[in-house]
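Q: Need a 3D model of the sequence below.
(chains A and B)
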Amino acid sequence: MSTTQQTTSGNWLDANGGVFIAGIGLHPYQFPTETPYTELGLTAVRAALLDSGLAWDRVQSAYVGTTSIGMAAGRVMLRHLGSTGLAVTQVENASASGSFAFRQACMEVATGMSDVVLAVGVDKHGDGRRAANKDGLERLSETAAIPAAKFAMMARTYLRERGASVEEMANVAVKNHGNAARNPFAQFRKPRTLEQVLASPRVVGDLTVQQCCPRGEGAAAVMVVSGNAIRKLGLDARRCVRVKASVAGSERPEAQYGDSAVELVRTSAQAAFDQAGIAPKELDLLELHDAFSVEELLYSEAIGVCDSGEGARYLARGDSQIGGRCAINASGGLIGMGHPLGPTGIGQLAEITRQLRGEAEGRQHPNARWGMAHMIGLGSVSVAHVLSASA
Amino acid sequence: MTDSKTSLKPLQPTLYELAADGHSLNFFFAQCGACGGLSFPANAPGCMHCGSPLSEAQRVTRPGGGELLEFVTLHVPLLPGMAAPSIAGDIRIAPGIVEEGVMAVGDETALRHGMTVRAIVEMKPEEGVYACRFLPVNEGAAQ
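A: Below is the predicted model of the structure:
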């Protein structure tokens, strides 16, 4: 693609020869251990370097997504790969920390400021301290800032308004635990039946524990490169996955009760589809924030892979299974693969990259060409990325 | 702050006070001088409707309560030391303001979405405070 064509396309991600993921790496997500975060993160970064064929001294800049480790984790970790003098930036945005680290890497490459940038998410399970609890304002309920209660109420409203059943909602967890069982990097590796999901201890409202994401730790890394760097550095272009959209936003006042988070997902996804130049139903893969089962039903409708009100039926028909119309959370999602916070968004991108390359052994979605990684973070913020397979 | 009708202090003194009946709670709002909208809590650093700094805002006291929009049972403690099971509800306490509150009922059968609830006091003498709970208006009238 010529420079002129890049400019006239109107997509900032087409500058500098385009923005690509050249390598991926993960440390398996797991329940909290005494393993230092440096070991988790370095495992993922080394794997991403090896996967891309890039040497560490080629990396010009690194963005580190993390929520719970503390100040300045990046340099403490990355110095063990060699003190090359690269730029290091830490990014925190709750569940979306890794996704925003990746977005920063994309922007740095697209501007031409750098050609090779690392985006890594790494986290340990922390103490859960939140800025919302430090704003100097009192609240009527001590659980007002806890997502589980909010999403349980959203589940109640969804089930009532859609006429869906608790069993239909629980089937999200059945599917995603099943996908996770086939993912060697997932925190949960056991398939679950509907009976098991429903019989697991209740947490809030109709949500049982197996419909909620676990706490944990882990790491995920991707190497973000320019199209120009692929040629200059002799990288394998067939294994490079192109970033076609990157969109971020935050919540607006709700028009009606309970719709602000869903509207945020809808608008950010639609903007990403517009940027990528595809329709929602062209997606082959969708990784989304299923911290609680109801979210997958809500967001599959909001993102538009199915029609409004069709979320439960889309799942029941098998349309969101691997091999269906659009594989949703083929990784296992937050419920099955896990949700260590900092790594989660980058883990989504790694999964889509693996799938678009045709390398997701044991859980490969056939003929995958387009994928979206969609993440929301406490507050709420949102971020959507669209990836396409190499031509 | 100690209320003259009780020796106990409000658990959240910026949010409410004990009403004259000694049972209900009044909520404090800030009424924006720019747009006239209400913000809660009253010490919010900006109007939740127009973003005005609320420097010219009036402090407004209104009976606490509103429309119960949704509710769920918290089956396990989501925070250390939290009582469970308990019932949380989203309540529209003023136009454009939805707050999560704790319901003063033992189970969900007493509740339905869309019903009117009012804020009542829960005395906690062992802690020296009183807290806010919400009760369906019909149940409150029976007491």
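
Q: Quick one: find the helix or strand in chain B with the lowest mean pLDDT.
A: Lowest by mean pLDDT, DSSP states H and E among the helices and strands of chain B is helix B:137-142, with a mean of 60.

Q: can you map out the strands along the chain?
A: Since you didn't name a chain, this refers to chain A. Using DSSP state E, the strands assigned to chain A run over residues A:19-30, A:61-65, A:87-91, A:116-123, A:202-204, A:207-208, A:217-226, A:241-250, A:285-287, A:327-328, A:370-377, A:381-388.

Q: hmm, I had chain B in mind actually
A: Using DSSP E, strands in chain B cover B:9-10, B:16-18, B:25-31, B:38-39, B:58-63, B:65-74, B:86-94, B:97-102, B:116-124, B:129-136.

Q: Output the ones you listed in a markdown table; the columns should cover mean pLDDT, mean neighbour count and distance to A:Glu195.
A: Where you see a C-beta, it was placed from the backbone N, CA and C, and this is true even at glycine. Below are the strands of chain B laid out as a markdown table (pLDDT from 0 to 100; neighbours: other C-beta atoms under 10 Å in any protein chain shown; distance: least, C-beta to C-beta, whole Å):
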| stretch | mean pLDDT | mean neighbour count | distance to A:Glu195 |
| --- | --- | --- | --- |
| strand B:9-10 | 96 | 18 | 47 |
| strand B:16-18 | 97 | 21 | 45 |
| strand B:25-31 | 98 | 21 | 45 |
| strand B:38-39 | 97 | 24 | 48 |
| strand B:58-63 | 97 | 13 | 48 |
| strand B:65-74 | 97 | 22 | 22 |
| strand B:86-94 | 97 | 23 | 27 |
| strand B:97-102 | 96 | 20 | 32 |
| strand B:116-124 | 97 | 19 | 36 |
| strand B:129-136 | 97 | 22 | 36 |
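
Q: need the residues of chain B near chain A, please.
A: Selection of chain B residues close to chain A by C-beta under 8 Å from any C-beta of the partner chain yields B:12-15, B:41, B:43-44, B:49, B:69-76, B:78-79, B:82, B:88, B:90, B:92, B:96, B:98-102, B:113, B:132.

Q: Looking at the strands of chain A, which is nearest to chain B?
A: strand A:202-204 (4.3 Å; C-beta to the nearest C-beta).

Q: I would like the residues contacting stretch A:32-49, please.
A: A:23-27, A:55-56, A:59, A:64, A:66, A:69, A:73, A:76-78, A:80-81, A:118, A:120, A:122-125, A:215-223, A:343 (C-beta atoms under 8 Å, 6 or more residues apart in numbering or on different chains).

Q: Might you report the residue contacts of the closest residue to A:Lys281 other than its chain neighbours?
A: Sequence neighbours aside, A:Val305 is the residue nearest to A:Lys281 in space, at 6.3 Å (criterion: C-beta to C-beta, 6 or more residues apart in numbering or on different chains). Residues in contact with A:Val305, defined by C-beta under 8 Å, 6+ apart, are A:280-281, A:283, A:286, A:314, A:320, A:325-326, A:328.

Q: Next: A:Arg325.
A: A:281, A:305, A:314, A:319.

Q: separation between the second one and chain B?
A: Read it as A:Val305. Using C-beta to the nearest C-beta, to the nearest Å, A:Val305 is found at 26 Å from chain B.

Q: before we move on, the earlier item: need the per-residue pLDDT for the residue nearest to A:Lys281.
A: With respect to pLDDT, A:Val305 scores 98.

Q: now A:Gly65
A: For A:Gly65, pLDDT reads 98.

Q: mind checking how far it is from A:Gly345?
A: 7 Å (C-beta to C-beta, to the nearest Å).

Q: anything in contact with each of these two?
A: A:97-102, A:121.

Q: about what we covered before: out of the contacts of A:Val305, the closest to chain B would be?
A: Closest to chain B, out of all of the contacts of A:Val305 and judged by C-beta to the nearest C-beta, is A:Tyr314, at 24.1 Å.

Q: A:Ser300 is in contact with the closest one, correct?
A: Yes: if you go by C-beta atoms under 8 Å, A:Tyr314 and A:Ser300 touch, sitting 6.0 Å apart.

Q: Quickly list what's touching both of the two.
A: A:306, A:320.

Q: More neighbours: which of these two?
A: A:Ser300 (28 against 22; other C-beta atoms under 10 Å in any protein chain shown).

Q: hey, what's the residue of chain B found nearest chain A bridged with?
A: With C-beta to the nearest C-beta, the shortest gap between chain B and chain A falls at B:Val72, namely 3.3 Å. Beta bridges link B:Val72 to B:Ala88, judged by DSSP bridges.

Q: which one of the shared contacts of A:Gly65 and A:Gly345 is nearest chain B?
A: The closest of these, once distances to chain B are taken by C-beta to the nearest C-beta, is A:Ser97, at 22.1 Å.

Q: Can you give me the neighbour number for the residue nearest to the closest one when sequence neighbours are not counted?
A: Nearest residue to A:Ser97, sequence neighbours excluded (C-beta to C-beta, 6+ apart): A:Gly65, at 3.7 Å. Using other C-beta under 10 Å, the number of residues around A:Gly65 comes to 33.

Q: So for residue 7, what pLDDT did the model give?
A: All of this refers to chain A. pLDDT, read off for A:Thr7, is 39.

Q: Wait, chain B was what I had in mind.
A: pLDDT, read off for B:Ser7, is 88.

Q: got a list of what A:Trp370 touches?
A: A:276, A:278, A:282-285, A:386-389.

Q: Filter these down to the buried ones.
A: A:276, A:278, A:283-285, A:386-389 (16 or more other C-beta atoms under 10 Å in any protein chain shown).
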